[in-house]
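Quick check, what structure comes out for this input:
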Amino acid sequence: MFKRLLVLFAAFLFLTTLPAQAAPRFKVLALYSGTWDAAHISFVKEANERFPQLAAQHNFSYTASTNWNLLTSNELAQYQVVMFLDNLPQTAAQRSGFQRYMENGGGWLGFHVAAFTTDPGGWSWYHNTFLGTGSFRSNTWGPTTATLRTEDRGHPSTTRLPATWTSAVSEWYSWNNDLRRNPNIKILASVDSSSFPLGTDPNQSWYSGYYPIMWSNKNFRMLYANFGHNAMDYPNNRPLSSTFGSEVQNRFLIDGLGWLGQR
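Here you go, the predicted model:
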């Protein structure tokens, strides 16, 4: 009995001397659908593998869910950041819940198709006020890297970015609204002219023009990133690229999340 007590006491001492596990600096809720376009599904799968790794390295928590009704729940208040990986809220209740969350100081990071619409009037607050994009206008094809120019290196998400850098592979979107004319939009990075022509299909390439890729809205704690579409071998459903394949681009994600998670 005495020996058993000694063993238990030693175990107790060991456990009490272990360093306490630090609470996460902030919590991230990533919402996705994962039902449309193999390239978007590939990005979601990759994001749900890579963000938990980044969370462990940078002390935040990451929860992924297909339940968009969490935007209507009191549970949403426990998360400092919401991500939209491959879609956006579809019901009136989900949209109202998200708008309240953002207007009350929540953080948001959206990728690629999270901004896509051909009917911005269907949710004008999101597409015209919040994102500023209006309607989808055009896209490049096939997916390629782009040389991006950092336009604002003073923003917390871009302080570690060089003046120009190479993105990961993506399909790129353009919009009807010119974000440069919106005083609420802070453009963080755009396509550098050295990228032109951008795309591999001559009929779906950009040859000139101005194309913002990453930006924020001064009235909200938000970031939008135009990337999030992997190159795919569609017949074999095999990804040919990684959205996390650019180390410089990853700096934007890490530092951007750190900024968004502050309250």
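
gap between residue 129 and residue 167?
Using Cβ to Cβ, to the nearest Å, we find residue 129 at a distance of 27 Å from residue 167. Quick note: C-beta positions are derived from backbone N, CA and C, even for glycine.

now residue 233
Between residue 233 and residue 167 the computed distance is 21 Å (Cβ to Cβ).

tell me how far the helix ranked longest in the chain is from the chain's mean position?
Using DSSP state H to assign secondary structure, the helix with the most residues in the chain is helix 38-58. Chain-centre distance of helix 38-58: 10 Å, with Cα atoms, centre = their mean, to the nearest Å.

so who does residue 211 touch?
By Cβ atoms under 8 Å, 6 or more residues apart in numbering, the contact list for residue 211 reads 172, 174, 190-191, 198.

rerun that using 7 Å as the cut-off
172, 174, 190-191 (Cβ atoms under 7 Å, 6 or more residues apart in numbering).

what separates it from residue 49, distance-wise?
Taking Cβ to Cβ as the measure, residue 211 falls 29 Å from residue 49.

Could you list every helix and strand in contact with the helix or strand following the longest helix of the chain?
Remark: after helix 38-58, the chain's next helix or strand is strand 61-65, criterion DSSP states H and E. The contact analysis (3 or more Cβ pairs under 7 Å, 6 or more residues apart in numbering; DSSP states H and E) places strand 61-65 against strand 27-31, helix 38-58.

most packed of those?
Comparing the helices and strands packed on strand 61-65 by mean neighbour count (mean count of other Cβ atoms under 10 Å), strand 27-31 ranks first with a mean of 22.

So in that sheet, which strands flank that strand, and in what orientation?
Partner strands and pairing direction for strand 27-31 (DSSP bridges) are strand 61-65 (parallel), strand 81-84 (parallel).

buried stuff in the first one?
Going back to what we said before, that points to strand 61-65. Buried residues in strand 61-65, defined by neighbour count with 16 or more other Cβ atoms under 10 Å: 61-64.

Sort out which one of those lies nearest residue 39 for me.
residue 64 (18.3 Å; Cβ to Cβ).

Contacts only, for the closest one.
Taking Cβ under 7 Å, 6+ apart, we find residue 64 in contact with 30, 32, 48.

Nearest residue to the last one in space, ignoring adjacent ones along the chain?
Distances taken as Cβ to Cβ, 6 or more residues apart in numbering put residue 64 closest to residue 48, at 4.9 Å, once the chain neighbours are dropped.

so what's the one you found scoring on pLDDT?
Note on residue 64: pLDDT of 98.
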